[in-house]
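S.K.: predicted model follows, preceded by the sequence.
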Amino acid sequence: MGPHTYSDEWKSDADRHWRECGCGAKSEEAEHSGGTATCTEKAVCSVCGSEYGELSPHTYSDEWKSDADRHWCECACGAKSEESEHTFGEWTERDGNREKSCVCGYTVIDPEHTVIEPGNDEGNGLSPVAIAAIVIGGIAVLGGAGAAAYRFASKKKK
Ligand SMILES: [Zn+2]
Ligand SMILES: [Zn+2]
Ligand SMILES: [Zn+2]
Ligand SMILES: [Zn+2]
C-alpha cells in the first residue's frame with residue numbers, strides 16, 4: 001500500500017477535527033480549540049473553522065429594567081432574566097406625594113392623593129389669612145351683640 005492521501009479539507013464532529021484519507025484513516029486528529037464563545041454564538045475552532053462547545057452564559061445587567069407591569073435583568077443580547085411583575089410595598093409619603101415602590105425602583109405615585117404644599121400642613125391646616133378672617137369675624141359678632149344689647153336697653157327705658 002502506498003501512503004495515505006488525506007483530504008485538504010478538515011472533517012469534524014462536535015468535539016474534534018481531522019483530515020481523512022479515502023480509506024478512512026485519520027490524520028492530525030485533535031480537539032477543536034481557539035475562538036471565544038458568546039451567549040449567542042459558539043466558539044469557532046481556529047484550526048478547522050467549525051463551531052464547537054456551548055454558548056457562554058448570558059451576562060445580565062446589575063440594574064433592573066422595567067415597564068409599567070414588569071421588571072427584569074437584561075443581557076446585551078436582549079435575553080431577559082428574573083422577569084416578574086412588580087411587587088409594591090406600602091404607600092409612603094414623600095415630597096408631599098403618596099407613592100409606593102418596587103424593589104426594581106419602579107415607583108407609582110397615587111394620583112388621588114392631594115399634594116400638600118410644604119409649610120401649610122401646620123396650625124391645623126389654617127393659613128394665616130384664614131385665622132385673620134376668623135378673628136375679624138369674631139369682632140364683628142361681638143360688635144353686633146353689643147349693638148343689640150344697647151338697642152334692647154334703649155327700648156326698656158321707654
Ligand atoms: Zn488511506
Ligand atoms: Zn476544529
Ligand atoms: Zn446574552
Ligand atoms: Zn419591579
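M.R.: That came in fine, so what should we check first? As the structure is a prediction and not an experimental result, all values here were calculated from the model. Numbers count the residues shown, from 1 in each chain. Ligands and ions are numbered 1, 2, ... in the order given.
S.K.: neighbours around the residue nearest to residue 101 when sequence neighbours are not counted, how many?
M.R.: Leaving out its chain neighbours, the residue that sits closest to residue 101 by CB to CB, 6 or more residues apart in numbering is residue 107, at 4.5 Å. For the C-beta atoms, the positions are set from N, CA and C on the backbone; glycine is no exception. Neighbour count for residue 107, taken as other CB atoms under 10 Å: 14.
S.K.: tell me which residues touch residue 107, please.
M.R.: 99, 100, 101 (CB atoms under 8 Å, 6 or more residues apart in numbering).
S.K.: if you set the cut-off to 10 Å instead, what comes out?
M.R.: Residues in contact with residue 107 (CB atoms under 10 Å, 6 or more residues apart in numbering) are 86, 88, 92, 94, 97, 99, 100, 101.
S.K.: please flag which of the residues you listed sit within strands.
M.R.: Filtering the contacts of residue 107 for membership in strands, criterion DSSP state E, returns 92, 94, 97, 99, 100, 101.
S.K.: one step back: of the contacts of residue 107, buried ones?
M.R.: Among the contacts of residue 107, those classed as buried by 16 or more other CB atoms under 10 Å are 86, 97, 101.
S.K.: what's the end-to-end length of stretch 51-66?
M.R.: With CA to CA, to the nearest Å as the measure, the first residue of stretch 51-66 is 35 Å from its last.
S.K.: distance of the residue nearest to residue 101 from ligand 4?
M.R.: Remark: distance between residue 107 and ligand 4 (CB to the ion, to the nearest Å) = 10 Å.
S.K.: and for residue 88?
M.R.: Residue 88 is 8 Å from ligand 4, by CB to the ion.
S.K.: likewise residue 47?
M.R.: In this view, residue 47 and ligand 4 are 47 Å apart by CB to the ion.
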